[in-house]
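J.: return a 3D structure for these sequence lines:
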Amino acid sequence: MKERFLQAAAKEPFRIFFSQAIVAGVLGVALWPLHFWGGMESYPGIPHVRVMVFGFFGGFIFGFLGTALPRMLSAEPLRAWQVLTLLLFHGAMVVAYAIGKILAGDILLASLLLTFVGCVIPRARSRKDVPPPGFVLVALAFLAVFTGTFLSLLQHFRELPLFWIYFQRLLSSQGFLLLPILGIGPFILPRFFGLPSAHNFPESLKAPPGWTRKALLAFATGLLVLFSLVIEAAGWFRLGHALRLFAVLAYWAIEMPFRAAPGFKTAFGASLRIAFLMLVAGFLAVVFFPAYRVSLLHLTLIGGFAVITFIVGTRVVFGHSGNIEKLREPNRWLLLPIGLMLFGMATRISGDVWPQVLPSHYSYGAVLWVLGTLAWAIKVLPKTRVVEDED
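T.: Below is the predicted model:
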């Protein structure tokens, strides 16, 4: 059984990466109470962001893409040594960031990115199918994070203008996270509502009819998102977030079948709608209250990105463990982890609104988010060890 799982994990890296991502997320959030309760002297601002973006979110991204991309290209899956190398780089990077070794973490991040791209390129060359058109946004996300990582490494050796420092942070966080969600969303999220995906084309070595138009739309959306990051880095915070909000709403209006989706019949349907609302609300809130942009973007990061990540992660795990039919059930268990995460998010934000309670609310918010994450992990992650074909 153990040997069978290890073989499956090599072909489907999500089985290991999702668990390591959860460990990274718990560690990254735990830095706040560790600091405020006296267990960590240095302020954990930068380590927290790096661990959450590249450790937590990155773990889910690499696990999902490492599993899905070879299948979508009709190419051979990753090999065991490749998955192990990626896993080691990812784990070492998380530890380096968590203990404040930012340069070492950036070097490990660059190694992780280069190794992953090195695994994908040969499979792209030998492909028998084109990926979904929205995955143009995934390619732009990797361009963004490569650029952000280069700027971060450069910053260790020379002083950069403020624009490039801020631009690096935006590329490495919002560029790396928002673009894949936009790209993957139209392909996988309609399935939660029992709807067909407009990005699911028949297998073809050449672009089938309609693929190029959708790919160009995705590319234009990605460019607009990246341009909004440039605008924000230049100091135009409201305009940058307004452009990003427009790009998200326009792309979803065209590519996501919301009108045909059923109402709040299941916890997955309700959670997805809450996540979309939170993602948009974060951008909109910054347009009106730019002075609180760091705090208010947690609406987007936690309420939007993180909730969508857990929902997609659940779909992947259920689909690869013979539990795909369970997605059509009420799944009320999901409301507990999502509710705890959102409560933790609100507590975290309140710490910036009322500075006198900042230490306690940062800490309590972290505890609530960790409890929600562990509740999800206890319910979902054991199924990663169930090796069955997807329905």
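J.: low pLDDT regions in the protein?
T.: Applying pLDDT under 70 to the chain flags residues 1-3, 193, 258-264, 388-391.
J.: OK, contacts around the residue nearest the centre of it?
T.: Centroid-nearest residue in the chain, with C-alpha atoms, centre = their mean: residue 57, separated by 4.2 Å. By C-beta atoms under 8 Å, 6 or more residues apart in numbering, the contact set of residue 57 is 21, 176, 177, 305, 306, 309. All C-beta atoms are positioned from the backbone trio N, CA, C, and that covers glycine.
J.: C-alpha coordinates for stretch 38-50, CSV please?
T.: Extracted C-alpha coordinates of stretch 38-50, given in CSV (Å, rounded to 0.1, in the frame of the first residue of the first chain):
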residue,chain,number,x,y,z
GLY,A,38,7.7,36.5,23.2
GLY,A,39,8.9,33.5,21.2
MET,A,40,10.4,35.5,18.3
GLU,A,41,12.2,38.8,18.7
SER,A,42,12.3,40.0,15.1
TYR,A,43,9.2,41.4,13.4
PRO,A,44,7.8,38.7,11.1
GLY,A,45,6.4,40.9,8.4
ILE,A,46,8.5,39.8,5.5
PRO,A,47,9.0,36.1,6.6
HIS,A,48,5.2,35.8,7.0
VAL,A,49,4.5,37.1,3.5
ARG,A,50,7.1,34.9,1.9
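J.: any idea how far stretch 36-54 is from the chain center?
T.: Counting by C-alpha atoms, centre = their mean, to the nearest Å, stretch 36-54 is centred 19 Å from the centre of its parent chain.
J.: tell me how far the residue nearest to the centre of the chain lies from residue 343.
T.: 20 Å (C-beta to C-beta, to the nearest Å).
J.: what's the answer for residue 37, then?
T.: Distance from residue 37 to residue 343, by C-beta to C-beta: 20 Å.
J.: these two: which is more packed in?
T.: Using other C-beta atoms under 10 Å as the criterion, residue 37 and residue 343 rank with residue 343 on top: 16 against 11.
J.: which residue is the nearest non-sequential neighbour of residue 348?
T.: Nearest non-adjacent residue to residue 348, counting by C-beta to C-beta, 6 or more residues apart in numbering: residue 365, 3.5 Å away.
J.: which strand or helix spans that neighbour?
T.: helix 358-380 (DSSP states H and E).
J.: extract the C-alpha set from that helix and format it as CSV.
T.: What follows is helix 358-380, C-alpha atoms only, in CSV (Å, rounded to 0.1, in the frame of the first residue of the first chain):
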residue,chain,number,x,y,z
LEU,A,358,-3.2,44.9,17.3
PRO,A,359,-1.0,42.3,19.1
SER,A,360,-3.9,40.3,20.5
HIS,A,361,-6.0,40.5,17.4
TYR,A,362,-3.1,39.5,15.1
SER,A,363,-2.5,36.5,17.4
TYR,A,364,-6.2,35.5,17.8
GLY,A,365,-6.7,35.9,14.1
ALA,A,366,-3.8,33.6,13.4
VAL,A,367,-5.1,31.0,15.9
LEU,A,368,-8.6,31.0,14.3
TRP,A,369,-7.1,30.7,10.7
VAL,A,370,-4.9,27.8,11.9
LEU,A,371,-7.9,26.0,13.4
GLY,A,372,-9.9,26.4,10.2
THR,A,373,-7.0,25.1,8.2
LEU,A,374,-6.5,22.1,10.4
ALA,A,375,-10.3,21.4,10.3
TRP,A,376,-10.1,21.3,6.5
ALA,A,377,-6.9,19.2,6.6
ILE,A,378,-8.4,16.6,8.9
LYS,A,379,-11.4,16.1,6.6
VAL,A,380,-9.6,16.2,3.2
